[in-house]
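**Q** Could you work out the structure for the sequence below:
(one chain, ligands or ions: 1)
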Amino acid sequence: MAAPPSVAIYPGSFDPITNGHLDLISRASRMVDLLVVAVLRNQSKHPLFSVEERREMIHEATGGFSNVEVTSFEGLLVDFAASRGASMILRGIRAVSDYELEWQMALMNRRLRPEIETVFLTAGEEYSFISSNLVKEVASLGGSVTGIVPLSVEARLQRKFAARAV
Ligand code: PNS
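**A** Numbering: from 1, shown residues only. Modelled structure (predicted):
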């Protein structure tokens, strides 16, 4: 009997997706049969981009990967992962400072559903300083984010902040 396909969830806010996220998607897509990039629908955060805009941007940036799917979820991550038949949750670690929160979330998720493993991938060193929050701050102040986010994201950031300036 053939083994079931390996499915991993890469969850996050992705507000917006950066080249650091893309680096992780590129490496993770080689590890599993299906990689589901899942945008959290969270009413309590105040994102710059809507969930639909974030999904579109991820879609545009990951079009070259045949085994990457883009979706959104709400509720518990582990329940969403189970509903998709995933055995892995992937998270990126940029620096030691990321580790504490990631460690807490991984242990909580394991307590909720021990059959789902959290797997940490280290971000490529050239991306280890990038965060979506910094990208938004720099772009909002007119700084260049070229090479830090995909081109389509750069264009959308410019449009978003130009629209806010009028
Ligand atoms: O990109 P982010 O904001 O660091 O992603 C955080 C995310 C989406 C992974 C986390 O907030 C999450 O899993 N939220 C879903 C709700 C949930 O399952 N909470 C318990 C996690 S221990």
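**Q** Check the offset of the longest helix along the chain from the chain's centre.
**A** The longest helix of the chain (DSSP state H) is helix 96-112. The chain centre lies 16 Å from the centre of helix 96-112; the measure is C-alpha atoms, centre = their mean, to the nearest Å.
**Q** cool, stretch 6-21 as well?
**A** 2 Å.
**Q** hmm, that stretch in reach of the ligand?
**A** Yes. Stretch 6-21 is in contact with the ligand by C-beta under 6 Å from any ligand atom, via Pro11, Gly12, Ser13. Heads up, the C-betas are built off the backbone N, CA and C, glycines and all.
**Q** how about the residues you listed in JSON lines, adding neighbour count and pLDDT?
**A** Below are those laid out as JSON lines (neighbours: other C-beta atoms under 10 Å; pLDDT from 0 to 100):
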{"residue": "Pro11", "neighbour count": "19", "pLDDT": "98"}
{"residue": "Gly12", "neighbour count": "19", "pLDDT": "97"}
{"residue": "Ser13", "neighbour count": "16", "pLDDT": "97"}
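**Q** Which of those fall within strands?
**A** Judged by DSSP state E, strands contain the following of those: Pro11, Gly12.
**Q** wait, what's in contact with the closest residue to Ser6 other than its chain neighbours?
**A** Using C-beta to C-beta, 6 or more residues apart in numbering and skipping residues adjacent in sequence, the residue nearest Ser6 is Val32, 4.5 Å away. By C-beta atoms under 8 Å, 6 or more residues apart in numbering, the residues touching Val32 are Ser6, Val7, Ala8, Asn67, Met88.
**Q** Assign the residue nearest to the last one when sequence neighbours are not counted to helix, strand or coil.
**A** What that stands for is Met88. When the adjacent residues along the chain are set aside, Met88 lies closest to Ala8, with 4.0 Å between them (C-beta to C-beta, 6+ apart). State at Ala8, reduced to three classes by DSSP: H, G, I helix; E, B strand; the rest coil: strand.
**Q** quick one: Ala8 from the ligand, how far?
**A** Going from Ala8 to the ligand by C-beta to the nearest ligand atom, to the nearest Å gives 13 Å.
**Q** Tell me how many other residues crowd that residue.
**A** 23 (other C-beta atoms under 10 Å).
**Q** so where does the closest residue to Glu60 other than its chain neighbours fall, helix or strand?
**A** Once flanking residues are discounted, Glu60 sits nearest to Ser152: 4.8 Å by C-beta to C-beta, 6+ apart. Here Ser152, judged by DSSP states H and E, is contained in helix 151-165.
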